[in-house]
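S.K.: Let me see the structure of the following:
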Amino acid sequence: MGKTRTRWPVPTYSRVVPGASRRVLVVDDNKVIRQLIRVNLELEGFEVVTAADGAECLEVVHQVRPDAVTLDVVMPRLDGLRTAARLRADPRTRDLPLAIISACTQYEVDAGVDVGVDAFLSKPFEPAELVGVVRQLVERESARGETEGGEEGPTFGSVLGAAAAGDSEASG
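M.R.: Residues are numbered from 1 along each chain as shown. Next up is the predicted model:
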């Protein structure tokens, strides 16, 4: 039984949630993880669109116009770090809030900070942590849009442990 891939304009998954205030693009090559993230965000009122890898993310991001993007790091075709770098290089997505949701090794954290990732959440994660990180990114982006305020450092999920401890000064 072969795998099928869905292409835009019919994304891998998209459902309009009545009353949803924000749209999140979830990018992960693992279908189960995409569904887990999708369900938890939808339960909190987010509209969710999914993509299976970084290349698909770049194909749909301008049509979807998300308020935030979550990225896995290790994915086929285009990994999360290179996807983040390309999103930051594009003037249309330069300020889009980005979160890495991955095993978050020290290398991934350092590389993510270098390309401008806004938040990190280590797998496995608690659903409440996921929702909190995404909500914080979306709210920070809304506030930035209203005030065009200063830059804040990366946000770290509580599961990062030693990786976050080494960078805690950057997040404050």
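S.K.: So residue 46 versus residue 138, what's the distance?
M.R.: Distance from residue 46 to residue 138, counting by C-beta to C-beta, to the nearest Å: 8 Å. Every residue, glycine included, has its C-beta placed from N, CA and C.
S.K.: whoops, I mixed them up, residue 36
M.R.: 19 Å.
S.K.: joint contacts of residue 46 and residue 138?
M.R.: Common contacts of residue 46 and residue 138, defined by C-beta atoms under 8 Å, 6 or more residues apart in numbering, comprise 22, 24.
S.K.: in which helix or strand would I find the residue sitting nearest the centre point of the chain?
M.R.: For the chain, the residue nearest the mean C-alpha position is residue 70 (1.3 Å; C-alpha atoms, centre = their mean). According to DSSP states H and E, residue 70 maps onto strand 68-71.
S.K.: Which other helices and strands does that strand contact?
M.R.: strand 22-27, helix 54-64, helix 80-89, strand 98-102, helix 127-147 (3 or more C-beta pairs under 8 Å, 6 or more residues apart in numbering; DSSP states H and E).
S.K.: so the first one versus helix 127-147, what angle?
M.R.: Right, strand 22-27. 120 degrees (axes from the mean of the first three to the mean of the last three C-alpha atoms, to 10 degrees).
S.K.: quick one: strands adjacent to strand 22-27?
M.R.: Using DSSP bridges, strand 22-27 pairs in its sheet with strand 46-51 (parallel), strand 68-71 (parallel).
S.K.: Check those strands for me and report the most buried one.
M.R.: strand 68-71 (a mean of 28; mean count of other C-beta atoms under 10 Å).
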